[in-house]
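Asks: I'd like to go over a predicted model; first the sequence, then the structure.
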Amino acid sequence: MSITYRIPHRRRFASLQSPLATTTCLIYLLLIELIQPSPNNNIFCQASWIDPDTPQDAQTVSPLQVVPAPPAPKHSKHDDDDDSDDKKKHHRRRRDPTQTPTFYPTFEPTGFPSIAPTTTTPAPTHPERIYNLVFSDEFNTPHRRFSDGSDPRWTALEKNDYTNDAQHYYSADNAFTDTEGNLVIKSEATDTEILGFNDVKHKNERITKHFKSAMLQSWNKFCFTGGIMEAEMALPGRHDVGGLWPAFWLLGNLARHTYVGSSEHVWPWSSSVCTEKSRTAQLVSACDRVEHYGLHTGVGRGAPEIDVFEVQAGNIKANKGAFLKMPVGQPFMSSSYQVAPGRIPRPGEGWWPAPGQWYNNLTGGMNTSMNIIFYGTYNHFRDDTNPAEQDYWSDAISYNRQLNGSHFGKFHKYRVEWEVPEEASKKNNYTKSYGYIRWFLDGETVLEVKGEGLNASGTGAEISSEPMYMLLNTAISSQWGFPEKCPSNCPCKTYNCRGGYGETCGFSEGFCDMINKPVEYKINYVRVYQDKNDPKQKVGCSTPERPTRKFIEAHKEKYMQKGDLQPLKPIQNGGGECSVAAPMNATLPQSCGGTTRGKCDVSRNPPTCSCLSNWTGPYCLSQVAYDDVIWDPVETLADLGFRGPNLKGPMGVMLAAFILFAVTVAPIVFNNKKKRRSRKGYSRVPDYERLMASKQTEFRGGRWRRLRPLVYDVACAQHKGNAWRLLQVSAYVHLINLK
């Protein structure tokens, strides 16, 4: 057996072959197993995900009330037939609002609201539900960076994006915190030469991306299942110029965005019903009856998507162009739940759904409209051998909310509330709960999706129970906010603001003027809350109900780029180069975050940062953060079936004393015995390496066969009865013979 250990200050591993070290290490592990308490999956740590800078009044929240937009009354057809302003003046009819608004969207939305209902809703009898803060990042420490291994909460990608006709390269340098307490995602017109593997085309290629932006993910770091997430943000760019695609969203931990291989037949599945389609199209389906990678049998798995918002700027107004049949135009935010399997039959894009074609139990708020432009995606993958069975539809249950110029450059609050489904049991009086997702902007309802509507669709789709991670990014894609139709004589193949007409003609008007000066998407804070009395709500990327750790470890190549050694680097604690000339009280990388966060260790050459307690990262600018509870810990000897006694009393002390004696006193006694034997005429083992070196010419001259018995006999003569030494000599002779 070989014990591997790390050599300090050297970038390699070595193997410790000493039998004493091996034995000592094994005894140490067994001792831990013997005297530790019984295994417990709840391992509590000294840190959490909460930023100490979070204000006291933001430590708890309550769910917001869903307030639907009352539908407008129907109006006379003659009003629509009047063409002139004069006719409208003289033939305008009095429009009486309905007295009782309905609580479902109409298929033909109209523009006149109803009056408020005259009856008041009785106050609820159950107590107000309180959600406690479980994660926060206030971004108050300036100069933070988020490259892989630099921050415990976020990872900024350093990667080309091959999805959705992306025109950008994601650079970790384009995400940082400013001196005003904001996270900044910067988008700019800068070239990046890329030689790499195209995840979509499955081949190596050399390309140039003409734009840079950033994406932050909390993948496999911070995930949560159920709760409330809120952020305060200022959108980038101009409200009337299309081309930027800022987003704030959640994705199931089994898929890592932009790593295309991790998403195939995983995104955006959320179904635990065994069907013929799920058997062939869902990678981990409820039809599986063999437990692999810790995944539970009969439980379908996937990576559904909750888009808090995807924002599209532009100057196409409601009831014009692509939004001809919609009361919401550009700029808008689209709030969506993307889920598979999708509905068949389904409405056509640009058309309002006929009865039975789409989901019920959808509630839109004021200034919103069902997104009839995009109902979902048809998913086909090039390596599939049976497309008829393996291809599948996914649905985008989406509403658009009208925005205006104030949302761009000024801060507003965006929130999503997510209730996880629950099977009928004694705890809930045998009443099944289907869950819900609700979206809000500045406290006003945008959309509510109830799980009852998904259940009634018959597809097997449900509200997500997957642990989900957070994403923040700005994309630049020819699929989003660019002209719907390519201008005449414009190839619309390459998009480059610094190119000629053929490379600039495909942009929206004013886009290049806007982005030639970098634009910034700013986030003031991100906070997550959960109900501590609800056992369904958990923090962790691998939970008992929905484990992910073993699956990711077994398929880690799907979550890495070519050349990566592992999906995520360990967080670097200090080590960033610093300067003694930097002001020690300033929050700068060169001063290791100042005296309260780190210090510049001048004993090293060059000087590097050494972090104080609760601070980490190369320059000590990030708060230490990790899960309070480890639901899926790495296996120990107990997981392999070894169950030692729980020795907490005198027996444990006696056993520990015996083992301590065995590994400390016994070797001393043994060495003294060897010394006494040497004084009786026994000689020490000769230095065989030196002996072999002096005989190298004989090895090369073909005399090894004559020399080997001689060395062997000498060893036997000098060490009669010493089996361990004899074994050493034999092994060494054999190795040299192989040379």
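Replies: Cool, the structure landed.
Asks: show me where the stretch 501-650 of the chain dips below the pLDDT cut-off.
Replies: For the stretch 501-650 of the chain, the stretches with pLDDT under 70 are 637-649.
Asks: and if you look at the stretch 101-250 of the chain?
Replies: Within the stretch 101-250 of the chain, the stretches with pLDDT under 70 are 101-126, 196-202.
Asks: at 80 what do you get?
Replies: Along the stretch 101-250 of the chain, segments meeting pLDDT under 80 span 101-127, 196-203.
Asks: again, but for the stretch 301-450 of the chain
Replies: Applying pLDDT under 80 to the stretch 301-450 of the chain flags no residue at all.
Asks: could you pull out the helices for it?
Replies: Secondary structure of the stretch 301-450 of the chain (DSSP state H, counting those that start in this stretch): helices located at 387-390.
Asks: list the residues that contact Lys320.
Replies: Lys320 makes contact with Gly329, according to CB atoms under 8 Å, 6 or more residues apart in numbering. In this view, the C-beta of every residue, glycine as well, is placed from N, C-alpha and C.
Asks: quick check on it: phi, psi?
Replies: Recorded main-chain torsions at Lys320 are phi -130, psi 150, according to degrees, to the nearest 10.
Asks: please apply the same query to Met651.
Replies: phi -60, psi -40.
Asks: and it, how many neighbours?
Replies: Burial of Met651 is recorded as 12 neighbouring residues (other CB atoms under 10 Å).
Asks: look up how far Arg343 lies from it.
Replies: 64 Å (CB to CB, to the nearest Å).
Asks: what's the answer for Asp57, then?
Replies: Noted for Asp57: a distance of 43 Å to Arg343, by CB to CB.
Asks: now Ile437
Replies: Distance from Ile437 to Arg343, by CB to CB: 18 Å.
Asks: just Cys287 next, same as before
Replies: Taken as CB to CB, the span from Cys287 to Arg343 is 21 Å.
Asks: pick out whichever of the two has more residues nearby.
Replies: Neighbour totals were compared for Cys287 and Arg343, and Arg343 leads with 21 against 16 (other CB under 10 Å).
Asks: that one is in contact with Ser394, isn't it?
Replies: No - using CB atoms under 8 Å, Arg343 makes no contact with Ser394, being 10.0 Å away.
Asks: which residues touch Asp442?
Replies: 412-413.
Asks: the one 5 residues further on now?
Replies: The contact partners of Leu447, taken as CB under 8 Å, 6+ apart, are 335, 362-365, 368, 398-399, 401, 438-439.
Asks: skipping its backbone neighbours, what lies nearest it in space?
Replies: Spatial nearest neighbour of Leu447, excluding adjacent residues (CB to CB, 6 or more residues apart in numbering): Tyr399 at 4.1 Å.
Asks: beta partners of the one you found?
Replies: Beta-bridge partners recorded for Tyr399 (DSSP bridges): Ser335, Met370.
Asks: ok, the closest residue to Ser336 other than its chain neighbours - contacts?
Replies: Leaving aside its sequence neighbours, Ser336 sits nearest to Ser398 (CB to CB, 6+ apart; 3.8 Å). With contact taken as CB under 8 Å, 6+ apart, Ser398 is in contact with 307, 334-337, 370-371, 374, 447.
Asks: same list (the residues you listed) but as CSV, adding distance to Ile552.
Replies: As requested, the contacts of Ser398 are arranged in CSV below (distance: CB to CB, whole Å):
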residue, distance to Ile552
Asp307, 23
Ser334, 30
Ser335, 29
Ser336, 25
Tyr337, 24
Met370, 36
Asn371, 32
Phe374, 30
Leu447, 31
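Asks: buried only: go through the residues you listed for me.
Replies: For the contacts of Ser398, a burial check counting by 16 or more other CB atoms under 10 Å picks out 307, 334-337, 370-371, 447.
Asks: now flag whichever of those residues is closest to Ala456.
Replies: Distance to Ala456 across the buried ones among the contacts of Ser398 (CB to CB) is lowest for Tyr337, with 15.2 Å.
Asks: okay, now the closest residue to that closest one other than its chain neighbours: neighbour count?
Replies: In space, Tyr337 comes closest to Ile397 once its chain neighbours are excluded; the distance is 4.7 Å by CB to CB, 6+ apart. For Ile397, the tally of surrounding residues (other CB under 10 Å) stands at 23.
Asks: again, but for Lys209
Replies: By other CB under 10 Å, neighbour count at Lys209 equals 22.
Asks: ok, now which ones touch it?
Replies: 160, 167-169, 191-192, 194.
Asks: ok, Tyr521 next?
Replies: Residues in contact with Tyr521 (CB under 8 Å, 6+ apart) are 184-187, 233-236, 246, 472, 474.
Asks: how about the strands in the stretch 251-400 of the chain?
Replies: Ranges of strands in the stretch 251-400 of the chain, per DSSP state E, counting those that start in this stretch, are 305-312, 332-339, 362-364, 368-370, 376-379, 392-402.
Asks: would you turn these into a markdown table with distance to Pro68?
Replies: Converted to a markdown table, these look like this (distance: least, CB to CB, whole Å):
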| stretch | distance to Pro68 |
| --- | --- |
| strand 305-312 | 19 |
| strand 332-339 | 15 |
| strand 362-364 | 5 |
| strand 368-370 | 10 |
| strand 376-379 | 24 |
| strand 392-402 | 11 |
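Asks: closest to Arg498 out of the ones you listed?
Replies: Closest to Arg498 of those, according to CB to CB: strand 305-312, at 24.5 Å.
Asks: so what does that closest one touch, helix or strand wise?
Replies: Using 3 or more CB pairs under 8 Å, 6 or more residues apart in numbering; DSSP states H and E, the elements in contact with strand 305-312 are strand 244-252, strand 332-339, strand 412-419, strand 436-441.
Asks: which of those strands is buried the deepest?
Replies: Per-stretch averages of neighbours, counted by mean count of other CB atoms under 10 Å, single out strand 332-339 among the helices and strands packed on strand 305-312, with a mean of 26.
Asks: so how far is that one off the chain centroid?
Replies: Taking CA atoms, centre = their mean, to the nearest Å, the mean C-alpha location of strand 332-339 is offset from the chain mean by 19 Å.
Asks: run the angle between it and strand 392-402 for me.
Replies: 150 degrees (axes from the mean of the first three to the mean of the last three CA atoms, to 10 degrees).
Asks: ok and strand 332-339 relative to strand 305-312, angle-wise?
Replies: Put simply, strand 332-339 runs at 160 degrees to strand 305-312, going by the same axes, to 10 degrees.
Asks: and strand 332-339 with strand 244-252, angle?
Replies: Counting by the same axes, to 10 degrees, strand 332-339 lies at 30 degrees to strand 244-252.
Asks: now the angle from strand 332-339 to strand 436-441?
Replies: Strand 332-339 and strand 436-441 are oriented at 170 degrees to each other (the same axes, to 10 degrees).
Asks: ok, and what's touching strand 332-339?
Replies: Outside strand 332-339, the residues within contact range by CB under 8 Å, 6+ apart are 268-270, 304-312, 371, 374, 376, 394-403, 407, 416, 437, 439, 441, 446-447, 449, 454, 461-464.
Asks: many thanks, have a good one.
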